[in-house]
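J.: heads up, no residue letters with this:
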């Protein structure tokens, strides 16, 4: 049985994101999964995702941490509500605040691993901590404060095609 | 006389960045300039730089704030040292910590304006505050702690071609 990623459950109108939308052909299309109590994602940067030669561009790192964290926030909320991820209305989160500490230069010639833990689920707010690991070392650490998209925004109300 | 952007002075080995390197054909190639005591940059997002339909992807916002801030940090340091931006060795900054508060959804169908102020220059550390403005409204606010690249890293020592 194929295991679906968090992002595979997003309805079409929520699947356009440059970072994590499977319907955005230009974007990163990251995929996040549970791995026990943590969530995990892998991404191989392209050679042009560089900052200085040999190292990954910080904006990409921030982007990956952002999208992996909002995806994890949604998955955590489904879990809290004891709902399956394909049930409607879709639960999706936006980023209210993103903080990334760059601990060391991130090598570009490897697969990057993102590992997130859910720090807090409180009503419509979920706080996620995500670390970015390359070649076995934590290169960046992010804290993302996410807020559930209000139903009034009229997105995520249709079934994924 | 054409006014050169901060990034136009980067030596070749520092001009590869996905966010601000003029030698990266895949990247954003942002350009930053002084505007009085503030620095300014403009960027028009592509339709696919989206988060949810109609709005800009948060990872792009973080990326723009990051690169505009590191560019501004370098320009501020040249100013402090009373050096012209084409003098060697090149001064460049890396991001140690990036914090972005997303205040409201950023519309995608417009030119985004970045405006930065230098909050602190202390030795090799420069703190920059950058706000992102769209259609006259501040949509995001960033604080970026940047650190000057050590000369031992052996980049930025050659003249720009």
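T.: Sure thing, it's come through. Since the structure is predicted, the reported quantities are computational estimates derived from the model, not experimental observations.
J.: close to chain B: what parts of chain A are there?
T.: A:13-14, A:16-19, A:24-27, A:46, A:48-53, A:57-60, A:62-64, A:66-67, A:94-102, A:105, A:149, A:153, A:155 (C-beta under 8 Å from any C-beta of the partner chain). Where C-beta positions appear, they are placed from N, C-alpha and C, glycine not excepted.
J.: now do the SS call for the most centrally placed residue in chain A.
T.: Of all residues in chain A, the one closest to the mean position by C-alpha atoms, centre = their mean is residue A:68, 1.3 Å from it. Under DSSP: H, G, I helix; E, B strand; the rest coil, residue A:68 falls in the helix class.
J.: ok, it touching residue A:30?
T.: Yes. Residue A:68 lies in contact with residue A:30 (C-beta atoms under 8 Å); the separation is 6.2 Å.
J.: re earlier: okay, the residue nearest to the centre of chain A: pLDDT?
T.: Note on residue A:68: pLDDT of 98.
J.: residue contacts, it?
T.: Residue A:68 makes contacts with A:20, A:30, A:32, A:39, A:41, A:114, A:116, A:130, as judged by C-beta atoms under 8 Å, 6 or more residues apart in numbering or on different chains.
J.: what's the overlap in contacts for residue A:68 and residue A:30?
T.: Common neighbours of residue A:68 and residue A:30 (C-beta under 8 Å, 6+ apart) are A:20, A:41, A:114.
J.: just how off-centre is the host helix or strand of the last one within its chain?
T.: Using DSSP states H and E, residue A:114 maps to strand A:112-122. Taking C-alpha atoms, centre = their mean, to the nearest Å, one finds strand A:112-122 lying 9 Å from the centre of the chain it belongs to.
J.: could you list the buried residues of that strand?
T.: In terms of neighbour count (16 or more other C-beta atoms under 10 Å in any protein chain shown), strand A:112-122 has its buried residues at A:112-116, A:118, A:121.
J.: and if you look at stretch A:99-110?
T.: If you call a residue buried by 16+ other C-beta under 10 Å, then stretch A:99-110 has these buried ones: A:99-102, A:105-106, A:108.
J.: can you put these in CSV and add secondary structure and pLDDT?
T.: Below are those laid out as CSV (DSSP: H, G, I helix; E, B strand; the rest coil; pLDDT from 0 to 100):
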residue, secondary structure, pLDDT
A:99, strand, 98
A:100, strand, 98
A:101, strand, 98
A:102, strand, 98
A:105, coil, 94
A:106, coil, 97
A:108, coil, 97
